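Asker: Compute the structure for the input listed below.
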Amino acid sequence: MASWIKKSFDATGVTEYPAGAGLDELQKQFGGGSVILALDVSGSMGSNDAGVGRNTQRLSQAVLGCKAFVREAVEARYEVGLILWDHGVVGSVAPDPSPAGALRLLDAAVVSGGTDVLPCLNLAHSILLSDPRNDMVVAIFGDGDLGDLSAAKAKAAELAADNIRIITCGLGDSSAETLAEISTEKSEVPRTASNDSIVESIASMAKGLVRK
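Answerer: Next up is the predicted model:
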């Protein structure tokens, strides 16, 4: 006679075919997560070339770096969204398993406007909380100040309280140090880009998607 006793186990119901209603929830819990890449498209992003309102040299390099970040994030099983920001929100795409929407918006990016990261943080917060995931990240690239730094730090604290991580990269030491004020990364040296390393530096933020 068998000496074992059959036990019942409760788990998310995904072992059936077609997949049960629990599949989406399991993917949210154990998938890579969601990341919103936030690209500064303020007027100073065009300072390496003449003119505002078109895809200038500095922005062109940033777009290439963002595309590399998007590819690496997708490979890491993150849903990827995008916000283009200056003193407001210029355009946005919610996180999606397909990078197509983010890549299309990147191709349409032009420089304009001033600089204020607060509207960007507000929108990223709202988007990520509308569909919570196990890991939620905002990755921000900028080349100048953040507007009202006290307001930006207060908002960043709200995101952190909701388990949203913030990783940053700044163009030049001053920008990098300012962005580090709202980052949740624990690093002695802020992630810094130069005019010659914009592509590589933005792409390197994808390494921050892996929790230490």
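Asker: I'd like the distance between Ser126 and Ser197.
Answerer: 32 Å (Cβ to Cβ, to the nearest Å). Quick note: C-beta positions are derived from backbone N, CA and C, even for glycine.
Asker: Need the contact partners of stretch 150-164.
Answerer: 117-118, 121-122, 124-125, 128-129, 136-138, 146, 166, 181-184 (Cβ atoms under 8 Å, 6 or more residues apart in numbering).
Asker: for the chain, what's the longest helix?
Answerer: Longest helix of the chain, by residue count under DSSP state H: helix 57-75.
Asker: list the helices and strands whichever helix or strand Leu82 is part of packs on?
Answerer: Using DSSP states H and E, Leu82 falls within strand 78-85. Helices and strands touching strand 78-85, by 3 or more Cβ pairs under 8 Å, 6 or more residues apart in numbering; DSSP states H and E, are strand 33-40, helix 57-75, strand 89-96, helix 100-107, helix 118-130.
Asker: Check which residues of the third one are buried.
Answerer: To tie it back to what came earlier, the one meant is strand 89-96. By 16 or more other Cβ atoms under 10 Å, the buried positions in strand 89-96 come out as 90, 92-95.
Asker: and if you look at the second one?
Answerer: Within helix 57-75, the residues scored as buried using 16+ other Cβ under 10 Å are 58-70, 72-74.
Asker: Among those residues, show me the least confident.
Answerer: Minimum pLDDT for these is recorded at Arg58 (90).
Asker: That residue and Gly144, how far apart?
Answerer: 12 Å.
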